[in-house]
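[1] Here is my input, please return the structure:
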Amino acid sequence: MLNALPAPKKVIFLVEEPSMQLFLEALFQQLHLPETAYQIKAFRGKQLLLPAIPRLLNSWREPNTQFFILIDNDNKDCIQLKNKLVFDCLQANRSDTVVRIVCQELEAWYLGDLFAIKSYSPLKKSFKGQLKQIEDNKLIPDEIQRPSKVLEAHLGNLIKSDIAKYMGKNITLEGNSSVSFGYFVQALKTVFPCLPATLETP
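    Reported below is the predicted structural model:
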């Protein structure tokens, strides 16, 4: 009798907010990843996600799984935050867990793709100047303290769930000016070997 093939690996994403879950779901659809390849668990804030990580990693019994933690930096010490998370993963015997820090918030990733964000909504004149600074590399998306507030101020009635779905479907994975988004994309290629080396999207 032939030995049964091992079940394909599933990646478990732990994220701190529902909008990140919606963004990832739309992004993975754009990348044509099968739904069986991943699972996303969203929390309602960092204060709920952080204490849940050791418990989840210790109690998870499904075989052939790998965890991927995505968490906002929120203008804190990103090295300290990442070191804490890596330590928690080691303590839970999950050294293969991928930890990525979003600088400073998910919305910085949106601002890293000016073509997509410009096509999302008619822009107020006051916003065009700020986007021009990003375009000219005088303003780095990851260094904007509250990118979510920037979008709220200039895109009018911003609904986080709507823009998360839109950007997940339309964001270009190569050439985004957010450095933390670039690190995230590199990690995706590592945990999903089926993805091509270059993730060029329309």
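
[2] So which residues of the chain form helices?
    Along the chain, the segments classed as helices by DSSP state H run 18-30, 46-59, 78-91, 106-111, 114-120, 125-135, 147-154, 160-170, 179-191.

[3] any chance of the ones you listed in TSV, with distance to residue 100 too?
    Quick note: C-beta positions are derived from backbone N, CA and C, even for glycine. Below are the helices of the chain laid out as TSV (distance: least, C-beta to C-beta, whole Å):
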stretch	distance to residue 100
helix 18-30	11
helix 46-59	13
helix 78-91	9
helix 106-111	11
helix 114-120	20
helix 125-135	22
helix 147-154	17
helix 160-170	16
helix 179-191	5
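
[4] Compare the mean pLDDT across these and name the weakest.
    Note on those: lowest mean pLDDT is at helix 125-135, with a mean of 77.

[5] That one versus helix 147-154: what angle between them?
    140 degrees (axes from the mean of the first three to the mean of the last three C-alpha atoms, to 10 degrees).

[6] mind checking how far helix 125-135 is from the chain centre?
    24 Å (C-alpha atoms, centre = their mean, to the nearest Å).

[7] List the buried residues for that helix?
    For helix 125-135, burial by neighbour count (16 or more other C-beta atoms under 10 Å) applies to 127, 130, 131, 134.

[8] The first one contacts residue 134, doesn't it?
    No: using C-beta atoms under 8 Å as the test, residue 127 is too far from residue 134 to be in contact (10.6 Å).

[9] Report how many residues lie close to residue 81.
    For residue 81, the tally of surrounding residues (other C-beta atoms under 10 Å) stands at 18.

[10] and if you look at the one 10 residues further on?
    The number of residues packed near residue 91 is 12, by other C-beta under 10 Å.

[11] And residue 47, by the same measure?
    Around residue 47 there are 9 other residues, counting by other C-beta under 10 Å.

[12] Quick check: the gap between it and residue 171.
    Residue 47 sits 28 Å away from residue 171, going by C-beta to C-beta, to the nearest Å.

[13] Count the residues that sit near residue 26.
    18.

[14] Please identify the deepest-packed of the helices of the chain.
    Of these, the one with the most neighbours on average (mean count of other C-beta atoms under 10 Å) is helix 106-111, at a mean of 27.

[15] Show me what that helix is in contact with.
    17, 19-20, 23, 72, 102, 116-117, 131, 134, 141-142, 144, 147-148, 150-151, 163-164, 167, 171, 176-178, 180-181, 184 (C-beta atoms under 8 Å, 6 or more residues apart in numbering).
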